[in-house]
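Student: below are the sequence and a predicted model; questions follow.
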Amino acid sequence: MQGSGPPVIRFENVGMRYGMGAEVLSDVSFQLAPGSFYFLTGPSGAGKSSLLKLMFLAHRPSRGAVSLFGQDVSVLKREALPPLRRRIGVVFQDFRMLDHLTTYENVALPLRVAGEREDSYKDNVNELLGWVGLGERVNARPPTLSGGEKQRAAIARAVVAKPDLLLADEPTGNVDPDMGLRLLRLFVELNRIGTTVVIATHDVALVERFPAPQLRLEEGRLKTLPAPKKAPQAAPAQSAAQGGGRSSLRGEVAGSN
Amino acid sequence: MTERHSILPQQSTERLPLTAAVTIMSYLAALALAAALAIGHASGIWTANLAGAVTVQIRPAPNLSSEAQSESVLGLLKEAPGVQSARRLTQAEIRSLIEPWLGKGIALEELPVPQLVAVTLDRSAPPDLSALGDKIAKAVPGAVLDDHRRWNERLVGFTGRLTQLGYAVLLLIGVATTAIVVFATRAGLAANHETVEVLHLVGAQDRFIARQFERYFLRLALKAGAIGTLAAALTLLVAGLAASGGDMFLPALSDAGLTPAAILTVPLATALVAMATARLTVLDVLRAMP
C-alpha cells in the first residue's frame, strides 16, 4: 500500500560532520514517499548509521534541510520532537535495551512512554513477543538474552507502536537466516499496512530475496538504485522515491507497480 | 507477564550515601523545628503567666513595722478593681526562691530581704497597673509594684531571637538538602544517560523523564525523612525524660507545641523539596541537551 501526502522523509543537500571533523555525509538529497520500502546499503563507514541518526532525530544536520512528515526539523522546538519520534520505530545495531527491565517491559516501553494504559496493550505485546519467538523470555532481562534474542526484542520494541516510519540498522545481523527471513517478513507486513521502512544492511542475500529499491551510500554520498525487476511473493510494496536535488537521481526510481 | 519495574534502576551506588545525607538533614531539621516551636511555646506560656500576676515588693521603711506595711498593701489591693487575690509569701517560700541563687543554709533573717506579696490579676478586666503602682508607692513607703514588664520584655526578646535562629537553621538545612538533591539528580542523570537516551528515542517528553526522577527522590526522601524525624523524636523523648528532674526549660520542650502534625511536616517537606528539586534539575539538564 502506498499512501499519498507529503514525503515521510525529505533530505535536501544535507551534510553532517561530527564536531570539527570531515563531513561523513555530503550533499545527501532524497525523499521517501509514504508506504515505501528501502534498503540502505553501502560499505562499512560509508555513513549508514549517521544517515539513520539524522532520520530518527538523534542528530541534527550540519547543513541542508531535513524534514520529517512534512515538518522541517531544524525549526522544531524541543517539545515537538517526542510526538515525531513516536511515529518512528528504530532498531539499533547495538539494541539499546534497558537492562533493569524485563523483555516485556522493554518492548512495551514506547507505549508506556506514550502514556497508554497497560491493559490496552498487554495482550498485543505478548502476542508480538510470541511472534518474534520470545514467548518464553518475556520476564528475562536483556543481560540474560542471547544476541539474537536481544535483536528480536529490539525489533519488537521498534514495531510495537505500529510506527509510520521504521528504521532498522542491521536488524538481521545476529540471527540465523531463517529467523532473518521471518523478521524481514514482519517488516514487509508493517510496510503493507502503510509503514515506510528503511533497513540498513550488509546482507546481500536479504536484499536479493526482497527486491526493493536501495539507498546506496558510498563515501558519504547517496545514490538511489531501483528495485531489481523481479517479483517474488514476499516483495514489499513498491517504492516511490523522487530524486532530490541531484539530477543523477531524478527519475531513476519510479513507482513501477 | 506484566510485572512493572520503575523505568529508572532503583539500585545505584549513590543510593546509600544519599539516603544517609537526607536522613541526617531531616533529623537536624526536626530538632531545629522542635526547638523553635518549644521555645516559642514556652515563651508564650511564661508571658501569659506573668501577665496574670504581679508582685509587690516591700522593703523595710524607717518608721513602720513590716507587718503594718504588708497589712496596708494587702488592704489596698483587696479594694483595687481587677485584683483577684493577693497573698503574702511565707518565709519558706521566699527562702526557696532565693536558694537557687545563694545556696542552702542561709540565714534569711540577717539579710535585708524584702517581703513579697503575690498578686493574681483578673485577666478579663486587668487593672491599670501604673495607677495601682503609684497608689501603693504613695500610701506605703518602701512598697513597689513590680509588673514584671522589664523581665518579660527581655524574655520575649530573647526567646524571639532564639525562635528566629531555629527557623534560620531550618532554612539552611532546607538549602543544604536542596543542594544535595541537585548533586544527586545530576549524578543520577549522568549514570542513567543511556536510559534517558533510549527514553528520548522512543518518544518520551522531558517531563515524563523528570517524573521518573521525581518518583525516585520522593520515595527516597520520604523514607529518609521518616527515619530522621523518628530518630529526632526519640532524641527529644530521651532528653525530656532525662530532664524531667525539675529543670524549668526542658520539660517545656518535651510537651510544648510538638503536635504530631508539626512533626509530620518534616518528612513531608523533605519529600516535597527533594521531588521539586529533582524535577527542576532534570528539566534544566535536559533542556540543555541537543
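Tutor: In hand now; what should we look at?
Student: which helix or strand contains the residue of chain B found nearest chain A?
Tutor: The nearest approach of chain B to chain A comes at residue B:203, 3.5 Å away (CB to the nearest CB). C-beta coordinates here come from the backbone N, C-alpha and C atoms, glycine included. Residue B:203 is located outside every helix and strand, with elements delineated by DSSP states H and E.
Student: next: residue A:38.
Tutor: Using DSSP H and E, residue A:38 falls in strand A:37-41.
Student: which residues does the closest residue to the residue of chain B closest to chain A other than its chain neighbours contact?
Tutor: Once flanking residues are discounted, residue B:203 sits nearest to residue A:86: 3.5 Å by CB to CB, 6 or more residues apart in numbering or on different chains. Contacts for residue A:86 were tallied using CB atoms under 8 Å, 6 or more residues apart in numbering or on different chains; they are A:110, A:113, A:114, A:161, A:163, B:202, B:203.
Student: between these, which is nearest residue B:188?
Tutor: For those, the minimum distance to residue B:188 (CB to CB) is 18.5 Å, reached by residue A:113.
Student: in helices, which of the contacts of residue A:86 appear?
Tutor: A:110, A:113 (DSSP state H).
Student: and the two most separated of the contacts of residue A:86?
Tutor: Distances among the contacts of residue A:86 were taken as CB to CB; the most separated pair is A:113 and A:163, at 13.1 Å.
Student: the strand holding residue A:38 packs against which elements?
Tutor: With contacts taken as 3 or more CB pairs under 8 Å, 6 or more residues apart in numbering or on different chains; DSSP states H and E, strand A:37-41 sits against helix A:48-55, helix A:177-192, strand A:196-200, helix A:204-209, strand A:214-218.
Student: among those, which is nearest chain B?
Tutor: Ranking the helices and strands packed on strand A:37-41 by proximity to chain B (CB to the nearest CB) places helix A:48-55 first, at 10.1 Å.
Student: what's the angle between that closest one and strand A:214-218?
Tutor: Here helix A:48-55 runs at an angle of 120 degrees relative to strand A:214-218 (axes from the mean of the first three to the mean of the last three CA atoms, to 10 degrees).
Student: which residues does helix A:48-55 contact?
Tutor: A:9, A:11, A:14, A:16, A:24-25, A:28, A:40-42, A:59-61, A:66, A:68, A:88, A:90, A:93, A:165, A:167, A:169, A:198, A:200, A:215, A:217, A:222.
Student: narrow those to those that are buried.
Tutor: A:9, A:11, A:14, A:16, A:24-25, A:28, A:40-42, A:59, A:61, A:66, A:68, A:88, A:90, A:93, A:165, A:167, A:169, A:198, A:200, A:215, A:217, A:222 (16 or more other CB atoms under 10 Å in any protein chain shown).
Student: in what helix or strand does residue B:73 lie?
Tutor: Element membership of residue B:73, judged by DSSP H and E, is helix B:66-79.
Student: which of the residues in that helix are buried?
Tutor: Within helix B:66-79, the residues that count as buried by 16+ other CB under 10 Å are B:69, B:70, B:72, B:73, B:74, B:76, B:77.
Student: show me what the helix or strand hosting residue B:283 is packed up against.
Tutor: Following DSSP H and E, one finds residue B:283 within helix B:260-287. Packed against helix B:260-287 by the contact rule (3+ CB pairs under 8 Å, 6+ apart) you find helix B:15-51, helix B:149-191, helix B:206-243.
Student: chain center to that helix: distance?
Tutor: With CA atoms, centre = their mean, to the nearest Å as the basis, helix B:260-287 stands 24 Å off its chain's centre.
Student: about what we covered before: make TSV from the buried residues of helix B:66-79 and add pLDDT to it.
Tutor: Formatted as TSV, those follow (pLDDT from 0 to 100):
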residue	pLDDT
B:69	85
B:70	86
B:72	87
B:73	88
B:74	89
B:76	87
B:77	87
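Student: ok so, going back, for the residue nearest to residue B:203, give me the pLDDT.
Tutor: Residue A:86 carries a pLDDT value of 94.
Student: one more: residue B:144?
Tutor: We have a pLDDT of 88 for residue B:144.
Student: same question, residue B:60
Tutor: Residue B:60 is given a pLDDT of 83.
Student: contact residues of the stretch 51-200 of chain B facing chain A?
Tutor: With the criterion set to CB under 8 Å from any CB of the partner chain, the stretch 51-200 of chain B comes near chain A through B:194, B:195, B:197, B:198, B:199, B:200.
Student: looking at those residues, state which has the most neighbours.
Tutor: Tallying neighbours with other CB atoms under 10 Å in any protein chain shown puts residue B:199 at the head of these, with 24 neighbours.
Student: excluding its backbone neighbours, what's nearest it?
Tutor: Of all residues not flanking residue B:199 in the chain, residue B:209 sits nearest, at 5.5 Å (CB to CB, 6+ apart).
Student: can you tell me the closest non-neighbouring residue to whichever residue of the stretch 151-257 of chain A sits closest to chain B?
Tutor: When scored by CB to the nearest CB, the stretch 151-257 of chain A has residue A:157 as its residue closest to chain B, at 7.4 Å. Take residue A:157 and drop its neighbours on the chain: the residue closest to it by CB to CB, 6+ apart is residue A:107, 4.8 Å away.
Student: what's near enough to touch that neighbour?
Tutor: Here residue A:107 is in contact with A:125, A:128, A:129, A:153, A:156, A:157, A:160 (criterion: CB under 8 Å, 6+ apart).
Student: helix or strand for the first one, which one?
Tutor: With elements taken from DSSP H and E, the one containing residue A:125 is helix A:118-131.
Student: following element in sequence after that helix, please.
Tutor: Taking DSSP H and E, what comes next after helix A:118-131 is helix A:147-159.
Student: nearest to chain B within the stretch 51-200 of chain A, name that residue for me.
Tutor: Relative to chain B, the nearest point of the stretch 51-200 of chain A is residue A:86 (3.5 Å; CB to the nearest CB).
Student: distance of that residue from residue B:199?
Tutor: Noted for residue A:86: a distance of 12 Å to residue B:199, by CB to CB, to the nearest Å.
Student: now the common contact residues for the two.
Tutor: Counting by CB under 8 Å, 6+ apart, the residues touching both residue A:86 and residue B:199 are residue A:113.
Student: count of neighbours near residue 112?
Tutor: Let's take chain A. Look at residue A:112: counted by other CB under 10 Å, it has 20 neighbours.
Student: oops, I was thinking of chain B
Tutor: By other CB under 10 Å, the residues close to residue B:112 number 6.
Student: now swap in residue B:117 and tell me
Tutor: 22.
Student: three-state assignment of the nearest residue to it once chain neighbours are set aside?
Tutor: With CB to CB, 6+ apart as the criterion, residue B:117 has its nearest non-adjacent residue at 4.2 Å, and that residue is residue B:56. Here residue B:56 is recorded as strand under DSSP: H, G, I helix; E, B strand; the rest coil.
Student: got the contact list for residue B:56?
Tutor: The contact partners of residue B:56, taken as CB under 8 Å, 6+ apart, are B:73, B:77, B:86, B:116, B:117, B:119, B:136, B:143, B:144, B:145, B:146.
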